[in-house]
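# generate coordinates for the sequence data below:
(chains A, B, C and D)
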Number of protein chains: 4
Amino acid sequence: MALGIGVIGVGMIGQEHIRRLDGGPGGSRVVAVADADAERAATVAGQLPAAKALPTGEELIASEAVDAVVVTSWGPTHEAYVLAAIAAGKPVFCEKPLATTAGACRRIVDAEVAAGRRLVQVGFNRRYDPAHRALKAAVDGGAIGAPLLVHCAHRNASAPPHYTREMSIADTAVHEIDELRWLFGQDIAGVQVLTPRKSSRGGALQDPLLVLFEMADGVLVDLEVSVNIHYGYEIRCEVSGETGTVELADPAPVTIRREGAAGGLVPADWRERFALSYDIELREWVDTVAAARPPLGPSAWDGFAAQAVCDAALQSLQSGGRVAVELPTQLGLYAPAP
Amino acid sequence: MALGIGVIGVGMIGQEHIRRLDGGPGGSRVVAVADADAERAATVAGQLPAAKALPTGEELIASEAVDAVVVTSWGPTHEAYVLAAIAAGKPVFCEKPLATTAGACRRIVDAEVAAGRRLVQVGFNRRYDPAHRALKAAVDGGAIGAPLLVHCAHRNASAPPHYTREMSIADTAVHEIDELRWLFGQDIAGVQVLTPRKSSRGGALQDPLLVLFEMADGVLVDLEVSVNIHYGYEIRCEVSGETGTVELADPAPVTIRREGAAGGLVPADWRERFALSYDIELREWVDTVAAARPPLGPSAWDGFAAQAVCDAALQSLQSGGRVAVELPTQLGLYAPAP
Amino acid sequence: MALGIGVIGVGMIGQEHIRRLDGGPGGSRVVAVADADAERAATVAGQLPAAKALPTGEELIASEAVDAVVVTSWGPTHEAYVLAAIAAGKPVFCEKPLATTAGACRRIVDAEVAAGRRLVQVGFNRRYDPAHRALKAAVDGGAIGAPLLVHCAHRNASAPPHYTREMSIADTAVHEIDELRWLFGQDIAGVQVLTPRKSSRGGALQDPLLVLFEMADGVLVDLEVSVNIHYGYEIRCEVSGETGTVELADPAPVTIRREGAAGGLVPADWRERFALSYDIELREWVDTVAAARPPLGPSAWDGFAAQAVCDAALQSLQSGGRVAVELPTQLGLYAPAP
Amino acid sequence: MALGIGVIGVGMIGQEHIRRLDGGPGGSRVVAVADADAERAATVAGQLPAAKALPTGEELIASEAVDAVVVTSWGPTHEAYVLAAIAAGKPVFCEKPLATTAGACRRIVDAEVAAGRRLVQVGFNRRYDPAHRALKAAVDGGAIGAPLLVHCAHRNASAPPHYTREMSIADTAVHEIDELRWLFGQDIAGVQVLTPRKSSRGGALQDPLLVLFEMADGVLVDLEVSVNIHYGYEIRCEVSGETGTVELADPAPVTIRREGAAGGLVPADWRERFALSYDIELREWVDTVAAARPPLGPSAWDGFAAQAVCDAALQSLQSGGRVAVELPTQLGLYAPAP
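Residues are numbered from 1 along each chain as shown, chains lettered A, B, ... in the order given. Okay, here's the model as predicted:
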């Protein structure tokens, strides 16, 4: 029988995930949805063959039809839903951020440890992108020797009006924060946020930012965060090692020659660039849940560690100086390291 | 309940497809396998949660547990299995070639027309490759104006010992033959096979070949077929139009700089290069079968038309001259054109 | 004292070369110019510090101030000027074509052989392009094993109104004809011209063409000639060998990301693309002339051999069939082979 | 008559330049050489048609045969030779650095100002590299909007045993320091040197470095300096602007497919990468000197400004913190700004 999925929060990314989860991988089926906007929940449920709209996330989590929970609601609500899912003993996939402060993340970690088994997976989809996997395979395979430096760029064509410089860290750079921990299998020890000349395209927003990360072993990373760069959505990353470098290639599938130029099209946004990574991520999650195995993807601890780095970066954004990141020893439930 | 799939022929590509079909997209399940090598069938069945090994393809097709059939056996056996599936009224996915002569393909077409509904899909996976789709989208979207010329290359690192020059057409170039019909929405009107200087790496084999195709509207295509080129597996295609060109980009996901060189890795073989296209192809097929809709992919007519071009190319390989391709009017069941 | 150069024909390419020859490499100086348009000759001479306009090319060749001659006049006039320069014992650099028929070229060869020393260089500038040199170095160095097939494209943004399909061969494809002889150190044995779907951008002109060349050792070459392709000027070439391939890289020096696309600018015309090759070509020529050494570049024999292939291609353009190229044994003055 | 050039310091780069200056552009001629190693000077002179070896740089500068001076000796000797050339009223081309401290550079500036005319050009060859010029043209032309951030990398395959971390700044990063001033037409206001994980390939040397530059208008630049990266020599630069980015393209002229990889060769060292820029730089210099015009290239003031940034960077290398760069107002002789 198909795995019954309940989805809390059916905005853009929630609807994207529903498309992947209903009648999709492993025969999963979306059986319940909930949203702060009850009308939206009803509309979305009405378009699905087997889903009911439930009044609250809590009722959804409690529903007998729901075998596993997907949390794609507003960030500040994540903590409560994830804790409820843990309490109900149901697997839960939570979009990033796991929660909006390191403290809240820590409470989730503690609840999961108390439950004694891994129920939580965090939606850091970069780990499922084939290009990022090829990058990690090259580094791990020794193609470039020991890594020493990394240059990254995270660029969005435009940011919505309510976007703040804090979101440049907590919503945007958080992807690289998890990626770096995963790529190098170690934690980030320090962070500093620098503010270059401001783009005139972002109104009062301080955009772009240049964020420096120090990995535990001294690898130094610089990250450009540009959220109003107009030309398109692009993720760049080059790792410099002792004997060579590896970088993400241009993802355009074809080269077009026209009007005096030769090149590829740039994705308009993250949905286009990372569609395949979401497919793979959710398929793997459904497969492990269906098989009653612990999730293979980013854990609650990864969500906690990423949030601790975000907190430090937000502090540096205020002070301008370097801020050290202090993390407790990783708890046994989550070993081995990232 | 999961769709029950029966697979006839469990060699390399059969096993590849089983991996995609069992517990995979849409909740399909491989319930039966058959193979000329009964021991191999038993071994493969033994590794699957719900599959039985059946003695013959015919029994597999007749089995009540089998909702739909996948034919991945040796080419000369395709005709009989596909005809049997049509007779049983069961959807059938047949790997290319649909059958080894245009005459045999025509018998399949006639049987399907007599049955009055589309049951057959042919495994021309190029149509599902995202890069080829982007190529077609650029051409169709007018990015390069009317297409006039095409340069293609189909390269394999090495061919098995039993590989013949006829297979260069019927097993290798057949992919471009279908691709060209699909890309331009029209038939191939003529073909000529030229034999350049022979590679010393292929023993007595005439390798490479240069194949010229004329599309119905005069677009001229040259195709390099190299099956022992050592460096890896690669598919190249550039379409030249009235105002520009579009070509497949290098598919490597990362650029590595080491040992005096900068570039991407080349896939070792077609499985690596086209893995994603097979995923998408079989997922779409399972979805349409599960929904009791006619298949969206390449039809029996497409298989027939491709084989007619292969037959002409094989004739040109003998004579050295241009051979015209004559096709009857496309039957109503298959409209609209490719 | 600076080498005195006389330039016959001061249209676009003549003026381009004057810019390189006056006060440029090795201290050469343009001391005389001549042109069918006497007024233009006077204007050009007036812009140079030390040049006189002379009434005819013959008088220019005879002038004592002229140490060496550059012929950049209309093709049909080349033969007479080159023969006169040989008769005067003066080194002569002649833009391609050496002459407009193989017979005329042969008369130049015979005159030079009779003179007993090499005085003629033909302006096949591809041999001086760093990218083409790197292509040849890779082939000669064994990077791809024995060459077997070549794919070329020669594209112009637009052709002038008086451009004919014969010029597609004699003025455009002639560059590849010489390039192939130089690249592989052997002659072209056969040629066939195919006519694909016609571009609507060229009026009555048959554009593009697909030209097939067979090298003496069986290497097969296909060449797209497009002269109205709008997007820009581009020269493409990929050589497929037994173990790999080598191709000209995109020559754009920078990658620009803007407006949803990432790529390089395409040169507008051959002057932009090949400026450096002309610099190197003329500098080498002046250096050898100044040192009283025989020219190192393409010889009269090369001009003759290229024209013989053009003649065969023009014949194929009429007949549509393959035409063999017959060349006499290369004369001793020109050994070793290309 | 040919311009007579005297070259002081005939080590590797001195000999490279002699090859370009003797019998080369504009008919210049190397008429005298000097070197701390008198034997080396004699050997080099012996290979030239018209050069004498003189015992000291001072005598060379004073020689009547010498119209213009090239200083390619050891950095600490530059100041004295350049001052002597100014005193003699002779044009002088000085390889970078102009002098090894900002103070010494300032004395050169003062002497040139006192002389009342520009005699000095500094060998910042990046300004003559066609790719860097295309980068600047794209920025200046508005292709990417206002520049905001820059990512640079300066990589050498290996450093000699005597190479120090101070040389990473003064000999290596100094190229980017001048390039940034030229690219953006403004000064560098602050600099900070960060020390990532150390490469095991450089012995005790701190390699790589990450250097941050702040331009006067707030553009922020990060520069990787790696001097033992083994794979080859490479210069990378991407400028991020308000609406797009522009970066140096891969300079490889051909793409080679072999042994499972597709890509270009990386230059072994700076001589290979920048050969053309030296050709253009020295040709322009000889042309302006021969025409008795002031040099068009980097001025003594540019040498002074670059050295002031180096001094600040060296101070940051000690302290780890940001160091502001203080420059006096640019003197009238050197206007307009870089």
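
# for residue A:280, which non-adjacent residue is spatially closest?
residue A:128 (4.4 Å; Cβ to Cβ, 6 or more residues apart in numbering or on different chains). Quick note: C-beta positions are derived from backbone N, CA and C, even for glycine.

# same check on residue A:304?
Excluding the flanking residues, the one nearest residue A:304 by Cβ to Cβ, 6+ apart is residue A:105, at 3.8 Å.

# wait, isn't that neighbour in contact with residue A:99?
Yes - between residue A:105 and residue A:99 a contact is recorded at 4.8 Å, counting by Cβ atoms under 8 Å.

# which residues sit in contact with the closest residue to residue A:212 other than its chain neighbours?
Nearest residue to residue A:212 in three dimensions, chain neighbours excluded: residue A:192, at 4.6 Å (Cβ to Cβ, 6+ apart). Residue A:192 makes contacts with A:211, A:212, A:316, A:321, A:322, A:323, as judged by Cβ atoms under 8 Å, 6 or more residues apart in numbering or on different chains.

# pull the most distant pair out of these.
A:211 and A:321 (13.3 Å; Cβ to Cβ).

# more crowded one of these two?
Between residue A:211 and residue A:321, counted using other Cβ atoms under 10 Å in any protein chain shown, the more crowded position is residue A:211 (26 against 9).

# am I right that the more buried one falls within a strand?
Yes - Residue A:211 sits within a strand when classified using DSSP: H, G, I helix; E, B strand; the rest coil.

# run through the residues that contact residue A:35.
Counting by Cβ under 8 Å, 6+ apart, residue A:35 has contacts A:8, A:9, A:10, A:11, A:14, A:41, A:44, A:53, A:73.

# can you check the pLDDT for it?
Note on residue A:35: pLDDT of 98.

# swap in the one 3 residues further on?
Looking at residue A:38, its pLDDT is 96.

# do I have it right that it meets residue A:55?
Yes - the criterion here is Cβ under 8 Å, and residue A:38 meets it with residue A:55 at 6.8 Å.

# still on that earlier bit, overlap in contacts, residue A:105 and residue A:99.
The contact lists of residue A:105 and residue A:99 share A:303, A:307, where a contact means Cβ under 8 Å, 6+ apart.

# quick revisit: joint contacts of residue A:38 and residue A:55?
With Cβ under 8 Å, 6+ apart as the test, residue A:38 and residue A:55 reach no residue in common.

# residue A:256 pairs with what?
Listed beta-bridge partners, residue A:256: residue A:263, residue B:246 (assigned using DSSP bridges).

# quick one, what contacts the one residue in chain A that gets nearest to chain B?
Closest to chain B within chain A is residue A:27: 2.5 Å, counting by Cβ to the nearest Cβ. Contacts for residue A:27 (Cβ under 8 Å, 6+ apart) come out as A:2, A:3, A:290, B:2, B:23, B:26, B:27.

# what's the answer for residue A:86, then?
If you count contacts by Cβ under 8 Å, 6+ apart, then residue A:86 has A:92, A:108, A:111, A:112, A:115, A:119, A:120 around it.

# which element is it on?
helix A:78-88 (DSSP states H and E).

# distance from the chain centre to that helix, please.
19 Å (Cα atoms, centre = their mean, to the nearest Å).

# same question for stretch A:217-233.
Distance, stretch centre to chain centre, for stretch A:217-233: 16 Å (Cα atoms, centre = their mean).

# and it, which residues are buried?
Neighbour-count burial for stretch A:217-233 flags A:219-233 (criterion: 16 or more other Cβ atoms under 10 Å in any protein chain shown).

# show the end-to-end separation of that stretch, please.
31 Å (Cα to Cα, to the nearest Å).

# repeat for stretch A:57-70
10 Å.

# same deal with stretch A:258-268?
Stretch A:258-268 end-to-end distance (Cα to Cα) = 20 Å.

# may I see the buried residues of it?
A:258, A:260, A:261, A:262, A:263, A:264, A:265, A:266, A:267.

# what does it rub up against?
Contacts of stretch A:258-268 (Cβ under 8 Å, 6+ apart): A:157, A:231-234, A:250-256, A:273, B:143-144, B:243-244, B:249, C:230-232, C:234, C:250, C:252, C:255-257, C:260-266, C:268.

# now tabulate the contacts of residue A:86 in TSV and tack on secondary structure, distance to residue C:335 and pLDDT.
Below are the contacts of residue A:86 laid out as TSV (DSSP: H, G, I helix; E, B strand; the rest coil; distance: Cβ to Cβ, whole Å; pLDDT from 0 to 100):
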residue	secondary structure	distance to residue C:335	pLDDT
A:92	strand	81	98
A:108	helix	83	98
A:111	helix	88	98
A:112	helix	83	97
A:115	helix	87	96
A:119	coil	82	98
A:120	strand	79	98
